[in-house]
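Participant: sequence-free structure coming up:
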């Protein structure tokens with residue numbers, strides 16, 4: 001009887017160790033997961049969105065200027081699904097902060113539409129070669145999928161006279177919160 005019990009015990013231990021293989025992927029922490037996939041660059045000057053940081057309850061997107069000869073600011077509208085994202089705060093990015101005195105403002109004009117602007121006070125300009133112009137924090141009120149897009153005709157990099165610079169592409173991205 002002892003021999004049978006020892007054999008069963010050894011068999012149970014062998015089966016248990018098979019389920020504890022070092023090759024098993026690590027278990028995910030509880031809470032929502034976010035995946036942000038930025039639109040692919042199209043070449044030429046662009047304003048784009050890039051994921052900066054994320055947590056279980058929030059994320060930060062950067063507004064990045066690429067290939068822009070000179071800009072004094074950015075005026076933008078971002079559209080998104082308010083059931084998935086909710087605006088929290090905006091900060092001037094490192095690019096404009098390095099130039100000098102800056103101005104920044106943002107407001108969610110209605111759920112799912114953020115109106116914002118960042119720039120240099122006076123006549124200063126910045127060469128935007130893959131430079132963070134602003135950072136926007138969002139809360140994650142729910143799960144789902146949404147596009148996060150610049151609104152065409154309402155979003156632009158601006159010249160020293162605050163006029164829209166021509167030929168600057170607007171690149172958003174897709175967010176999934178699970």
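Facilitator: Looks like it came in fine. Keep in mind the model is a prediction, meaning the values are calculated, not measured.
Participant: check the secondary structure at residue 96 for me.
Facilitator: At residue 96 the chain is in helix, as set by DSSP: H, G, I helix; E, B strand; the rest coil.
Participant: quickly note the distance from it to residue 57.
Facilitator: Distance from residue 96 to residue 57, counting by CB to CB, to the nearest Å: 28 Å. Any C-beta I mention is one placed from the backbone N, CA and C, and that applies to glycine too.
Participant: those two: which is more packed in?
Facilitator: Neighbours were counted for residue 96 and for residue 57 using other CB atoms under 10 Å; residue 96 has more, 28 against 11.
Participant: how much space between that one and residue 65?
Facilitator: Distance from residue 96 to residue 65, by CB to CB: 9 Å.
Participant: next one: residue 173
Facilitator: As judged by CB to CB, residue 173 and residue 65 stand 16 Å apart.
Participant: these two: which has the busier surroundings?
Facilitator: When residue 173 and residue 65 are compared for neighbours, residue 65 comes out ahead with 26 against 19, by other CB under 10 Å.
Participant: isn't that one right up against residue 157?
Facilitator: Yes. Residue 65 is in contact with residue 157 according to CB atoms under 8 Å; the separation is 6.2 Å.
Participant: give me the common contacts of these two.
Facilitator: Common neighbours of residue 65 and residue 157, using CB atoms under 8 Å, 6 or more residues apart in numbering, are 45, 47, 71, 74, 128.
Participant: rebuild those residues as TSV, extending it with neighbour count.
Facilitator: Shown next, in TSV, are the shared contacts of residue 65 and residue 157 (neighbours: other CB atoms under 10 Å):
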residue	neighbour count
45	19
47	25
71	26
74	27
128	26
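Participant: which one of these is nearest residue 178?
Facilitator: Within the shared contacts of residue 65 and residue 157, proximity to residue 178 (CB to CB) peaks at residue 47, which comes in at 27.9 Å.
Participant: after the helix or strand in which that closest one is found comes which helix or strand?
Facilitator: Using DSSP states H and E, residue 47 sits in strand 46-54. Counting by DSSP H and E, the next helix or strand C-terminal to strand 46-54 is strand 58-66.
Participant: mind listing the strands that next one pairs with, and their directions?
Facilitator: Next to strand 58-66 in the sheet, as set by DSSP bridges, lie strand 46-54 (antiparallel), strand 131-139 (antiparallel).
Participant: out of these, which is the most enclosed?
Facilitator: strand 131-139 (a mean of 21; mean count of other CB atoms under 10 Å).
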